[in-house]
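Enquirer: When you get a sec, could you give me coordinates for this:
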Amino acid sequence: MVQRLKFYTGLIGLIGVAIHTPSLAERSVQAGLVTSANSSFYEDAGNEYYFLPLVIAEYDRFYLQGISGGYRFYQDDGGQSLALEIRRTFDGYSSDDSDALEGMADRDAAWEAGLAYEVGIAGGQAKAKLMQDISDTHKGLSVRVEYERPFWTNDTHMLSWYAGSEYWNGKKTDYYFGVSPEEATAATRHDYTADESYRFYLGSNLVKRIDDNISLLASAEYLRADDAVDDSPLTTRQDQWSAYIGVFYEF
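Expert: Numbering: from 1, shown residues only. Next up is the predicted model:
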């Protein structure tokens, strides 16, 4: 569905809360259920809701974070690490997702791989990712930078804020927001070649430890994209919102 694009973006924040819970050990497995609601850039797509399982696991330098996994080939005691990571995106749409997309070729999700860097700064965690399509889908790359910092914690609760930006190069932006001459219509949809794009987001995460094994997690996020997305004839808005809640059990 169309809203997979936003779902993937916001889900990163929710997973971040789960894997950075203070009591987690270096070797751990968590299984959970997540439900979400989110809006879409695309015209007439409306809001959509998801319910899905997730597994989050840490085993020394290997990790699985629901929609991504990797190997930290460098890490130190100060919280700095550099990893090789692979992920499955939720970007894309089907032409039957809305009347405005009728006649468009489907845009598929992709497998991406690259480098993921994390470092502790000023009481929070800075993260950066450089990812390249390896599935010959959009053939582009993206760069994501984010900073998250707790502002209220106690023995059972942690509330944090995060902010960041993501860059998509022209190939990735055009794949998901461009319109080829063959897909254009004389009345409502002109052809459009999208340039590189940026999106900026701000959100908040909450984790509540129910007991030694069960945690409740929630996240809310607001995202705004630049004119490369707004100028697309497929879109009617430049911003999106999302909200997530999940329950995780640590084995």
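Enquirer: mind listing the strands for this protein?
Expert: For the chain, the strands defined by DSSP state E occupy 27-38, 48-59, 62-65, 68-75, 81-88, 111-121, 124-133, 141-153, 157-168, 197-209, 214-225, 239-250.
Enquirer: export those strands to JSON lines and tack on mean pLDDT, distance to D96 and mean neighbour count?
Expert: C-beta coordinates here come from the backbone N, C-alpha and C atoms, glycine included. Listed next are the strands of the chain as JSON lines, based on pLDDT from 0 to 100; distance: least, Cβ to Cβ, whole Å; neighbours: other Cβ atoms under 10 Å:
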{"stretch": "strand 27-38", "mean pLDDT": "90", "distance to D96": "19", "mean neighbour count": "17"}
{"stretch": "strand 48-59", "mean pLDDT": "87", "distance to D96": "14", "mean neighbour count": "14"}
{"stretch": "strand 62-65", "mean pLDDT": "93", "distance to D96": "31", "mean neighbour count": "18"}
{"stretch": "strand 68-75", "mean pLDDT": "96", "distance to D96": "28", "mean neighbour count": "16"}
{"stretch": "strand 81-88", "mean pLDDT": "97", "distance to D96": "22", "mean neighbour count": "17"}
{"stretch": "strand 111-121", "mean pLDDT": "97", "distance to D96": "24", "mean neighbour count": "17"}
{"stretch": "strand 124-133", "mean pLDDT": "97", "distance to D96": "24", "mean neighbour count": "19"}
{"stretch": "strand 141-153", "mean pLDDT": "95", "distance to D96": "27", "mean neighbour count": "16"}
{"stretch": "strand 157-168", "mean pLDDT": "96", "distance to D96": "25", "mean neighbour count": "19"}
{"stretch": "strand 197-209", "mean pLDDT": "96", "distance to D96": "25", "mean neighbour count": "19"}
{"stretch": "strand 214-225", "mean pLDDT": "95", "distance to D96": "24", "mean neighbour count": "20"}
{"stretch": "strand 239-250", "mean pLDDT": "93", "distance to D96": "21", "mean neighbour count": "19"}
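Enquirer: Any chance of a markdown table for the ones you listed, columns distance to T185?
Expert: What follows is the strands of the chain, written out as a markdown table (distance: least, Cβ to Cβ, whole Å):
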| stretch | distance to T185 |
| --- | --- |
| strand 27-38 | 28 |
| strand 48-59 | 25 |
| strand 62-65 | 41 |
| strand 68-75 | 37 |
| strand 81-88 | 32 |
| strand 111-121 | 31 |
| strand 124-133 | 28 |
| strand 141-153 | 29 |
| strand 157-168 | 25 |
| strand 197-209 | 23 |
| strand 214-225 | 24 |
| strand 239-250 | 25 |
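Enquirer: Tell me which of those lies nearest to G178.
Expert: Nearest of the strands of the chain to G178, taken as Cβ to Cβ: strand 197-209 at 10.9 Å.
Enquirer: Going by contacts, tell me the helices and strands next to that closest one.
Expert: When contacts are defined as 3 or more Cβ pairs under 8 Å, 6 or more residues apart in numbering; DSSP states H and E, strand 197-209 sits against helix 4-19, strand 157-168, strand 214-225, helix 227-230.
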